[in-house]
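Trainee: Need a 3D model of the following:
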Amino acid sequence: MGVPEIEDAKLLFIFGYNGADSHPIVARRIVRAKEKGAKIICVDPRRIETARIADMHLQLKNGSNLALVNAIANVIINENLINKEFIDQHASGFDELVPIVAKYTPEYAQGITQVPAEDIRKAARMYATSGCSMILYGMGVCQFAQAVDVVKGLANLAIMTGNFGGPSMGIGPVRGQNNVQGACDMGALPNCFPGYQSVTDPIIREKFEKAWGVEKLPGEIGCPITHVPHRVLHEQDPAKRIHAYYIFGEDPAQSDPDLAEVREALDKCDFVVMQDIFMNKTGRHADVLLPATGWCEHEGVYSSCDRGFQRIRKLIEPQGDVKTDWEILCAISTAMGYPMHYNNTEEIWSELIDLCPGFAGATYEKIEKLGSVQWPCRDKAMTDRGTPYLHKGGKFAHPDGRAKFYGTDWRPPKELENDQYPMVFSTVREVGHYSVRTMTGNCRLLRNLEDEPGWAQMSIEDCQALGLHKGELIKVISKRGYCITRCLPTERVKRGALYMTYQWWIGACNELTQASLDPVSNTPEYKYAACRVEKIADQAWAEKYILEEYAEIREQMGIKGKKGRVQEGLYKQSQSASPFARHA
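Mentor: Predicted coordinates for the structure are as follows:
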């Protein structure tokens, strides 16, 4: 699936993906599809921007994703809306799927999802009969302990209706982070070399050993990032315990779940290196800081979410004692006894595509001329632009070329609401700040638009029950910790649910999240944790705490002369009598 194809789909089934906040440019494609006559089904527990233009909004209960997906499959099967020819010719395992989803009638699923049974039936019919349906999914699917099961369930829907192998159809993961597709493409995974070549395959290992001039490469799968705290703090096997942690382009002390455990792991790890373009929360725990160039200060190649390789070009010369990421890695490798030298990024890229058959045709020359080349691209001829959509002609990436149906039961989230923690907490994103705010937090304009400590989106009914008003500082608590943020009553949120963005330093909502992982992807369950909200009686104390804590964090990070809205007079109206006017 290519991003430009979105606007030509006849139906968009948008599941757990808020494009307006996460990817405004992709969201514009969704709007164009609507303008061209496409039907839109939005599946999200909040009334997000997409829901406002959707033909149907299935406002499901948090954590019930797979129950809804199985129910839609149930309707498609029972109402004979399947594409039998496509299934017979291009898939296997359908007969095994049928009994698994049999119990997920719309009425049964309604009790789990809180979506009316008739709405489930209507959505299933719309998706199956449009003739060209595309599924877009985001972190609302991926950040659950049953994430991979849901992705496979969504693929079931596309396979059983024949919505694969052509333009403006299929299933598209709209990635949540900048160049996360590229990181995976380049082998920043514990189980793959670049190009998704398995580290456990001896033939693959031999190829890389020969190319890199080493006697032996490890054949065991490495450690996922979400396992690091355990491997530092609790690992009993000395051979598996992590003693050194090299972190670049990442801020686990802000973005990982259960931040108290993450901080403990960083502090108890013997040696921590942070390599980044700005100081961040992780840097406060690092033994060594390596400053790197920013996006406009170096050359390179970028992978877009639709597998398109694009060039990155240097715009300005870097200032100060900084190097590019690849130059730093080469210098460290050489110092550790493995000489590594390249003259430029084109040499690195040429080595990469020589070792990765699926990337072989994506030469620098071709990317330069065409602007973008989508992998797989195996032919270096300029006429081969790569593969605009996967599974063309119904050919899938299995030895027999057939798609595989997969079925399993819905499981409730690991941590459910209770008397002590009666609300559901979920992380979300916002359009004004990106990710952990390493970059956008250093932009004065964006800080002036929105600054610490962020907001907690809550239903108007919950706010009334707790006696809360917009802008009041509140304490949000889970079993793992707490944070302080501002109350935002909104009609877009269902009663009993609370949503926060995760980039704030004071309103650091990953203090609340749990490290319950999907068993396949090892992704944490950021979208479901039990919490409670407490009103802070002394608002003056809370306002002072925010100012002083924010100033202290910035001072520890060495950030000077870049005051944000908090410091520059968010509370000017009370400066004359304010006990914290000295911070302005």
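
Trainee: Please enumerate the helices of the stretch 251-400 of the chain.
Mentor: Per DSSP state H, counting those that start in this stretch, the stretch 251-400 of the chain carries helices over the ranges 252-255, 259-268, 325-335, 345-355, 364-370.

Trainee: So which residues make contact with stretch 484-492?
Mentor: 46-48, 453-460, 463, 468-476, 500, 504, 506-507, 509, 536, 542, 545-546 (Cβ atoms under 8 Å, 6 or more residues apart in numbering). Any C-beta I mention is one placed from the backbone N, CA and C, and that applies to glycine too.

Trainee: Would you mark the buried spots in that stretch?
Mentor: Ile484, Thr485, Arg486, Cys487, Leu488, Pro489, Arg492 (16 or more other Cβ atoms under 10 Å).

Trainee: Report the separation between Asp379 and Ala362.
Mentor: Going from Asp379 to Ala362 by Cβ to Cβ, to the nearest Å gives 10 Å.

Trainee: So between these two, which is more surrounded?
Mentor: With other Cβ atoms under 10 Å as the criterion, Asp379 and Ala362 differ in neighbour count, and Ala362 comes out ahead with 28 against 13.

Trainee: Now do the contacts for that one.
Mentor: Ala362 sits next to Phe309, Ile353, Val373, Trp375, Cys377, Gly386 when contact means Cβ under 8 Å, 6+ apart.

Trainee: which helices and strands sit right next to the top helix by length along the chain?
Mentor: What stands out as the longest helix in the chain, according to DSSP state H, is helix 539-556. Helices and strands touching helix 539-556, by 3 or more Cβ pairs under 8 Å, 6 or more residues apart in numbering; DSSP states H and E, are strand 473-477, strand 482-490.

Trainee: Figure out how far it is from the centre of its chain.
Mentor: Helix 539-556 sits 30 Å away from the centroid of its parent chain (Cα atoms, centre = their mean, to the nearest Å).

Trainee: could you give the angle of it to strand 482-490?
Mentor: Put simply, helix 539-556 runs at 120 degrees to strand 482-490, going by axes from the mean of the first three to the mean of the last three Cα atoms, to 10 degrees.

Trainee: Can I get helix 539-556 in PDB? Just the C-alpha atoms.
Mentor: The C-alpha coordinates for helix 539-556 follow below in PDB (Å, rounded to 0.1, in the frame of the first residue of the first chain):
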ATOM      1  CA  GLN A 539      -3.800  24.600  43.400                       C
ATOM      2  CA  ALA A 540      -1.300  27.400  44.300                       C
ATOM      3  CA  TRP A 541       1.100  24.800  45.700                       C
ATOM      4  CA  ALA A 542       0.600  22.700  42.500                       C
ATOM      5  CA  GLU A 543       1.300  25.600  40.200                       C
ATOM      6  CA  LYS A 544       4.500  26.400  42.100                       C
ATOM      7  CA  TYR A 545       5.600  22.700  42.000                       C
ATOM      8  CA  ILE A 546       5.200  22.700  38.200                       C
ATOM      9  CA  LEU A 547       7.300  25.800  37.800                       C
ATOM     10  CA  GLU A 548      10.100  24.700  40.100                       C
ATOM     11  CA  GLU A 549      10.200  21.100  38.900                       C
ATOM     12  CA  TYR A 550      10.300  22.200  35.300                       C
ATOM     13  CA  ALA A 551      13.100  24.800  36.000                       C
ATOM     14  CA  GLU A 552      15.100  22.100  37.800                       C
ATOM     15  CA  ILE A 553      14.900  19.600  35.000                       C
ATOM     16  CA  ARG A 554      15.900  22.200  32.400                       C
ATOM     17  CA  GLU A 555      18.800  23.300  34.600                       C
ATOM     18  CA  GLN A 556      20.000  19.600  35.000                       C
END
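
Trainee: I'd guessed Val26 sits against Ile6; true?
Mentor: Yes - the pair Val26 / Ile6 is scored as a contact, 6.9 Å apart, by Cβ atoms under 8 Å.

Trainee: backbone phi and psi for the closest residue to Tyr526 other than its chain neighbours, please?
Mentor: Nearest non-adjacent residue to Tyr526, counting by Cβ to Cβ, 6 or more residues apart in numbering: Gln143, 4.0 Å away. In terms of degrees, to the nearest 10, the main-chain angles of Gln143 are phi -100, psi 60.

Trainee: Number of residues surrounding Gln143?
Mentor: Neighbour number of Gln143 under other Cβ under 10 Å is 22.

Trainee: next one: the one 3 residues further on
Mentor: In terms of burial, Gln146 registers 23 neighbours under the definition other Cβ under 10 Å.

Trainee: Repeat that for Leu81.
Mentor: Residues near Leu81, counting by other Cβ under 10 Å: 15.
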